[in-house]
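**Student:** got a predicted structure plus its sequence, pasted below:
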Amino acid sequence: MPGEEGWDDDEEATIPCPYCRRPMHEDSERCPACGNYISAEDAPPSRRPWWIVVGALLALYAVYRWLAG
């Protein structure tokens, strides 16, 4: 309660980062010390490597040429 000893309104709850073990805010999506996202849901979607996209396009083109052929 306010006014009691040991009470600090400015202190927010912290937890250790699962990667670097440094303290971080409990509701953070990303650790400010190491930069890792705390869960897969919080991380941005990863991009597919360019060669997979190019390979898929080439395969579709080959099928198109075979059918049109």
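**Tutor:** Everything's here; your move.

**Student:** the helices in the chain, which residues?
**Tutor:** Along the chain, the stretches classed as helices by DSSP state H are 50-68.

**Student:** could you list the low-pLDDT ranges of it?
**Tutor:** In the predicted model of the chain, residues 1-11, 42-44 satisfy pLDDT under 70.

**Student:** which parts of it are strands?
**Tutor:** With DSSP state E applied, the chain shows strands at 14-16, 23-25, listed in chain order.

**Student:** select, out of these, the one closest to Y64.
**Tutor:** Using Cβ to Cβ as the criterion, the shortest distance between Y64 and the strands of the chain is 51.0 Å, found for strand 23-25. The C-beta positions use only the backbone N, C-alpha and C, and glycine is treated the same way.

**Student:** list the helices and strands that closest one packs on?
**Tutor:** Helices and strands in packing contact with strand 23-25 are listed as strand 14-16; criterion 3 or more Cβ pairs under 8 Å, 6 or more residues apart in numbering; DSSP states H and E.
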